[in-house]
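Asker: Pasting the sequence and the predicted model now:
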Amino acid sequence: MVRIAVVGTGWQGQGHLSTMQKIAGIEVVGVCELNEETLLKAANKFGVKGFTNYVKMLEESKPDGVIICTPPEVREFLVREAAERGIHCFIEKPPAKNLEMAKKVDEILDRTGVINSVGFMYRYSPAVAYLKKLIKGKRVAWVRSAMLDGLALRPNWPRWFFNKEISGGPVFDQAIHIFDLSRYLLGEVERVTGYQGNLVVQKGGDFTVEDSFTLLMKYQNGILQNHTHTWTYPDVFTQIELISDQLHLTLDLVKGSVSGKVEGVEVFFEAEENGLYQLELEAFAKAIEEKNPEFVLATYKDSIQSLSVALEALEVLEADKKVNS
């Protein structure tokens, strides 16, 4: 049995607490949250001891691993206190607020040697594993990806999501998943350019993010990718389409499916279940139990490259200026 503690009882933290109730090999031994009211609700809901002091939780509950679901700027202290006690770290995405913070966390993880994982759950999708095998040795020339959601249309959605200084907007909160998964499948990104817009929800007041953007990415191996993203679509749509003279494949991350053709032959795959959060936490627990980090598909060190793409995307979108003729 792997003993796990959780810090942060927001949407993501409670999601992981709920998921771990379904995993026989995990025992949740503690949860930490500064907001006492929120902490009490989560502790009662999931039947776990609550703490407002993180170090006290680590000392008293003695977890094998900790799941860190805090804002990205609150990571270094949490990782250091856990890792120096030999406690393995699962860190939610994005891995850090900036590269300087990320490198400090990476140094701690390297020095202590604890198993570490970042919450890029799409890497654990059976459909992604199927696609990865399909394209091995095949040429991919162009990629079209889209992540469409309606967060900006939801009146009850937490307002901090729309404060760019806090959340980073759709690039940092969602698109980083596409950047990470695309890197996992295709290689490293060389260059990013793009444009942002607010045709549906204008910036103003507590809404300081773009509601939509489009990016063009060029990979070191020459692959070109166009990514479209919006928070103004009244449904959910997430796909990555791979195209060349040898193949045309569509990965649907909502359905957990792959469809299309490879060298003229029709292919189709759909996972029986698409519980990606459960798969990533099972992998983390198994890595701890068997003392084998290879079960983890998204390490912190690798995630820094996905963070770099997201930061470059933020930079080019902010540089999007109208040219007056």
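Answerer: Good, I have the coordinates.
Asker: And the closest residue to residue 215 other than its chain neighbours, how close does it get to residue 99?
Answerer: In space, and not counting its chain neighbours, residue 215 is closest to residue 194: 3.7 Å by Cβ to Cβ, 6 or more residues apart in numbering. C-beta: built from backbone N, CA, C; applies to glycine. When distances are taken as Cβ to Cβ, to the nearest Å, residue 194 and residue 99 turn out to be 20 Å apart.
Asker: For these two, indicate the residue with more neighbours.
Answerer: Set side by side, residue 194 and residue 99 show unequal neighbour counts under other Cβ atoms under 10 Å, the larger going to residue 194 at 22 against 14.
Asker: and that one, that's in a strand?
Answerer: Yes: with the criterion set as DSSP: H, G, I helix; E, B strand; the rest coil, the secondary structure at residue 194 is a strand.
Asker: Who are the contact partners of it?
Answerer: Applying Cβ atoms under 8 Å, 6 or more residues apart in numbering, one finds that residue 194 lies in contact with 213-216, 313, 316-317, 320.
Asker: Including pLDDT, neighbour count and distance to residue 261, could these go into CSV?
Answerer: As requested, those are exported to CSV (pLDDT from 0 to 100; neighbours: other Cβ atoms under 10 Å; distance: Cβ to Cβ, whole Å):
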residue, pLDDT, neighbour count, distance to residue 261
213, 97, 25, 30
214, 97, 16, 27
215, 98, 24, 27
216, 98, 14, 25
313, 96, 27, 31
316, 95, 18, 34
317, 94, 21, 34
320, 72, 13, 36
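Asker: Of those residues, which belong to helices?
Answerer: With helices identified by DSSP state H, the entries of these that belong to them are 313, 316-317.
Asker: could those be laid out in TSV, adding distance to residue 200?
Answerer: Converted to TSV, those look like this (distance: Cβ to Cβ, whole Å):
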residue	distance to residue 200
313	20
316	21
317	17
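Asker: neighbours around residue 19, how many?
Answerer: One way to gauge burial is a neighbour count; for residue 19, by other Cβ under 10 Å, it gives 19.
Asker: For residue 139, which non-adjacent residue is spatially closest?
Answerer: The shortest distance from residue 139 to any residue other than its chain neighbours is 4.6 Å, reached at residue 244 (Cβ to Cβ, 6+ apart).
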